[in-house]
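1. coords please:
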Amino acid sequence: MDRIEIAGLQLSRRKLLGIGLGTLSAGALAACSSSPSLPASSGSASAGAGGSSGSVIDLAAYDAVLSKGAVADASLVDGNEWAKAIKARGSINRGGTDTSSLFSLRDPATGKVAGFDAGMSQLLAKYITGQPKENLSQVTVDTRETLLQNQSVDLVIATYSITPARQQKVDFAGPYYESKSAILVKTTNTTINSVDDLAGKNVATQAASTGVALLQKYAPKANVQTFDDNPKCLAAVQQGRVDAYVIDQSILLSDVAKNKDVKIVGDPFGNADPYGIGLHKGSDALAFVNAWLKVMEGDGSWAALWKATVGQVVKTDPPKPPAIAS
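-> The predicted structure follows:
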């Protein structure tokens, strides 16, 4: 069976496609207040590959995807209250992150954000307003629902797993991607090779994420330590404060792409995690965004965006997206 090398990691093509790879987004950084400021970030990445510090995205291809993005008929937008408000503003307010090398990374020199999640938001902004402009507000796993409930953001795109508990508070468009979970350790670690090896080990995961319940089920004897976000979990592994980090493999692949001192071990495990676009509960946004997802999948934008971002690390054909509203 063909194998693919990702920053020194050997994975089978079947495993990569089977897990869907998720959205490779890092967990967010700072908590947001009920009325956060929304620093502007252009919908366009800087021209040329390698323009962002730590980025592995093909930024020229990324910009090309945005330039070809569909624009909705004015009557369609004007007939939807959620979309009409975004059009009047001229940009979309996204809850997300800017620390993932593949899915939402801010170029410190230009302030521009690029990646798969960022591109989804920017393409939706273009569909509504005619321009791929977004304003990014940092979220954590603890603040996503709050920011949607008080309408500080229009949507959240940040490897946001769809769960029944969350669906009580917010609506989810999609899913637009899926991912199983995996284990990240230091490259020098030879004692952890599977989920069974986590027993008795100090294992990090993100607080309030699905990783907590996952470890309780698959590694009940692990000593679980929770951190606010992906950078803190990663740092805990790199500094030796924990032995391993368990979260969606999509997130860990992004970490491995940027850091030579960590690796993913063992097979992905757990159920496939469906990622959705978080929306205001009960608004007319859900039907609009689901219809747009079908448009971008149908016109090739989804696959082209994947190739420019995730596909720069995973050298395969784009996987089939999960069924929308399944």
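
2. look up the closest residue to S194, ignoring the ones flanking it.
-> G266 (4.2 Å; C-beta to C-beta, 6 or more residues apart in numbering). Yep, even glycine has a C-beta here, placed from its N, CA and C like the rest.

3. now for the helix or strand that contains F172, which elements pack on it?
-> Using DSSP states H and E, F172 maps to strand 171-186. If you count contacts as 3 or more C-beta pairs under 8 Å, 6 or more residues apart in numbering; DSSP states H and E, strand 171-186 packs onto helix 13-19, helix 210-218, helix 230-238, strand 244-248, helix 249-258, strand 262-279, helix 285-298.

4. for the last one, which outside residues touch it?
-> Helix 285-298 is contacted from outside by 69-70, 72, 80, 82-83, 123-124, 127, 154-155, 171-174, 176, 277, 279, 301-303, 321, 324-325, using C-beta atoms under 8 Å, 6 or more residues apart in numbering.

5. show me where the stretch 51-200 of the chain has its helices.
-> 59-67, 74-78, 81-89, 116-129, 144-149, 164-167 (DSSP state H, counting those that start in this stretch).

6. out of the ones you listed, which one sits most buried?
-> Mean neighbours per residue, mean count of other C-beta atoms under 10 Å, is largest over the helices of the stretch 51-200 of the chain for helix 116-129, with a mean of 28.

7. show me what that helix packs onto, helices and strands only.
-> Applying 3+ C-beta pairs under 8 Å, 6+ apart, we find helix 116-129 packed against helix 59-67, helix 81-89, strand 92-96, strand 104-106, strand 134-138, helix 285-298, helix 301-308.

8. could you dump those into TSV with distance to T187 added?
-> Below are these laid out as TSV (distance: least, C-beta to C-beta, whole Å):
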stretch	distance to T187
helix 59-67	28
helix 81-89	44
strand 92-96	29
strand 104-106	22
strand 134-138	30
helix 285-298	37
helix 301-308	27
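
9. identify the residues contacting G311.
-> P318.

10. switch to 10 Å and redo it
-> By C-beta atoms under 10 Å, 6 or more residues apart in numbering, G311 lies in contact with L21, I57, D58, A61, L102, F116, A303, A304, L305, D317, P318.

11. which among these end up buried?
-> Neighbour-count burial (16 or more other C-beta atoms under 10 Å) applied to those gives L21, I57, D58, A61, L102, F116, A303, A304, L305, P318.

12. and the residue nearest to L252 when sequence neighbours are not counted, how far is that from D243?
-> Leaving aside its chain neighbours, L252 sits nearest to L184 (4.6 Å; criterion: C-beta to C-beta, 6+ apart). Separation of L184 from D243 (C-beta to C-beta, to the nearest Å): 10 Å.

13. what's the answer for L136, then?
-> 33 Å.

14. quick check: can you list the domain ranges of this protein?
-> Using automatic domain parsing, the domains assigned to the chain come out as 8-177+273-312, 180-272.

15. where among the ones you listed is average confidence lowest?
-> Of all the domains of the chain, the segment with the smallest mean pLDDT is domain 8-177+273-312, scoring a mean of 81.
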